[in-house]
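Give me coordinates for this.
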Amino acid sequence: MHAPNNKAIITFLVVLLLISIGFSAYERWQSYWWKEEVSMLAFCYGGTRAELDFREGKIRLFVISGERKNDIYSGTNEGPFQVWFSQYYPDRFSRYAGERLVDGYNNHMDFMQSRAPEAVSGTNRPPNNARGCVKTPAQGE
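Model (predicted):
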């Protein structure tokens, strides 16, 4: 009997290691771009929803407080804003999208409220640009 060829075993293990590193890098790259896309879409949707709510006279901010199936008024106010508990599911994917949506909503609602006369005067223009995101008065036409 011949002893196993150490060189062949080492080569096999090195190739296996390189394949696993490549697979891990590919999965990280996919995860990164998934997060970027979800982040942009959720933030954009939050801003669009905030603009529509603002134009309907709903001045509110959302907070995340436990798992919820619907948006619920918390019964409190923060300055001119009603504070609402946002719909929220704590699983990994929904949590990330929900947090970005609330960030987008609150940022845009605060922006609209701080520039209320300018924002209200622009209600006759289309609310969305070609990408589906809300144009703010600071971005111009």
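
CA atoms for contacts and neighbours, from now on please.
Fine.

Can you find which strand in this protein contains the most residues?
Counting residues, the longest strand found in the chain (DSSP state E) is strand 72-78.

Please work out which residues outside that one touch it.
Residues outside strand 72-78 that contact it (CA atoms under 8 Å, 6 or more residues apart in numbering): 82-87.

What about those residues, which one has the most neighbours?
residue 86 (24 neighbours; other CA atoms under 10 Å).

Return the backbone torsion pair for that residue.
Backbone torsions of residue 86, given as degrees, to the nearest 10, read phi -80, psi 150.

And the helices in the chain, which stretches?
6-55, 92-114, 116-121 (DSSP state H).

Buried residues of the second one, list them for me.
This points to helix 92-114. For helix 92-114, burial by neighbour count (16 or more other CA atoms under 10 Å) applies to 96-113.

The longest strand of the chain: which residues count as buried?
The neighbour-count check on strand 72-78 (16+ other CA under 10 Å) flags nothing as buried.

Give me the distance between residue 88 and residue 104.
Relative to residue 104, residue 88 is positioned 15 Å away (criterion: CA to CA, to the nearest Å).

ditto for residue 112
In terms of CA to CA, residue 112 sits 12 Å off from residue 104.

Please name whichever of the helices of the chain is nearest to residue 62.
Taking CA to CA as the criterion, helix 92-114 is the member of the helices of the chain that comes nearest to residue 62, at 6.1 Å.

Contacts for the closest one, please.
With contact meaning CA under 8 Å, 6+ apart, helix 92-114 is reached by 38-39, 42-51, 54, 59-64, 86-89, 119.

7 Å instead, please
Outside helix 92-114, the residues that touch it by CA atoms under 7 Å, 6 or more residues apart in numbering are 38-39, 42-47, 49-51, 61-62, 88-89, 119.

in the protein, what spans have low per-residue confidence?
1-4, 117-141 (pLDDT under 70).

about what we covered before: which pair in the contacts of helix 92-114 spans the largest distance?
Largest separation among the contacts of helix 92-114 by CA to CA: 89 and 119, giving 32.1 Å.
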